[in-house]
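*Asks:* need a structure here:
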Amino acid sequence: MHLIDTHTHLDFPDFDADRGQVLLRSRALGVRQMVVLGVYQSNWQRVWDLVQAENDLYAAFGLHPVYLQQHQPGHLIELRSWLERLAGQPKLCAVGEFGLDYFLPELPAEQQQALFEAQLGLAAEFELPALLHVRRAHAVTIATLKRYKLKRGGIVHAFAGSIEEAREYLKLGFKLGLGGAATWPQARRLRKVVAQLPLEAIVLETDSPDMAPAMHPQQRNSPEYLAEICAALAELQGISSAQLAEASSCNARQLFGWAQSAP
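*Replies:* From the prediction side, this is the model:
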């Protein structure tokens, strides 16, 4: 089985004690590529150092809305410099994680929107996919994406919207990142949506160390759980885990421009 974890935070301190062992176990379970996403300016170098040291890790850099208060105006300028300096590097695969979070009332919507649009502009300029955080903000996100029309689309991470919203994202060239959330029996609405999604819409993710699946409650999430997540989501889709693994990995490779034989 060939699996791709399209959304991890393996650079976080949660993995400092055993990161190498986590990677070994994940590879042994079929996880062949993993994307590590930067979320604020001070962790970009850490992310880049990590992916440079491991053949199967890839980097994305962004300014996450949850950290809005610590982002500085100069960080957008720095982000552009990073993307410019690393343009064409195979280890750079996307801009992200960025987006809109309307769940947290302390995050001003206008500031979020300005930061969101600035980073969409960078994704468009550098022709990179956008890896998006969208929480209770699908309508505004879709309306904004319609204005930007990104050439390479991207991924809506931890998708939890409606089937109608899913269709709108697909029209815009986006894939839907699915992970641990839909493995929980109480997530009835999300599970119904997952069951209706076309295979070409889906990419798999863990969001490690967050969003642990139902099989590993209250634990640190890890790419090594991706095969179990894949099996649970395949059951919702009524297909084999091998079918979902193949389709989701093909979708991810197409999005990121990775060859079939990528390490």
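
*Asks:* For this structure, give me the ranges with low pLDDT.
*Replies:* 261-263 (pLDDT under 70).

*Asks:* Strands of this protein, residue ranges please.
*Replies:* Along the chain, counting by DSSP state E, strands occupy 3-8, 31-37, 57-61, 92-101, 130-135, 154-157, 174-178, 202-204.

*Asks:* Dump those strands to a markdown table, plus distance to His75 and mean neighbour count.
*Replies:* In this view, the C-beta of every residue, glycine as well, is placed from N, C-alpha and C. Converted to a markdown table, the strands of the chain look like this (distance: least, C-beta to C-beta, whole Å; neighbours: other C-beta atoms under 10 Å):
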| stretch | distance to His75 | mean neighbour count |
| --- | --- | --- |
| strand 3-8 | 21 | 28 |
| strand 31-37 | 15 | 25 |
| strand 57-61 | 10 | 25 |
| strand 92-101 | 11 | 25 |
| strand 130-135 | 16 | 25 |
| strand 154-157 | 20 | 27 |
| strand 174-178 | 24 | 26 |
| strand 202-204 | 27 | 26 |
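
*Asks:* Please produce TSV containing those strands, extended by distance to Pro213.
*Replies:* Putting these into TSV (distance: least, C-beta to C-beta, whole Å) gives the following:
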stretch	distance to Pro213
strand 3-8	13
strand 31-37	14
strand 57-61	21
strand 92-101	20
strand 130-135	19
strand 154-157	16
strand 174-178	11
strand 202-204	11
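
*Asks:* and of these, who's closest to Ile77?
*Replies:* strand 57-61 (13.1 Å; C-beta to C-beta).
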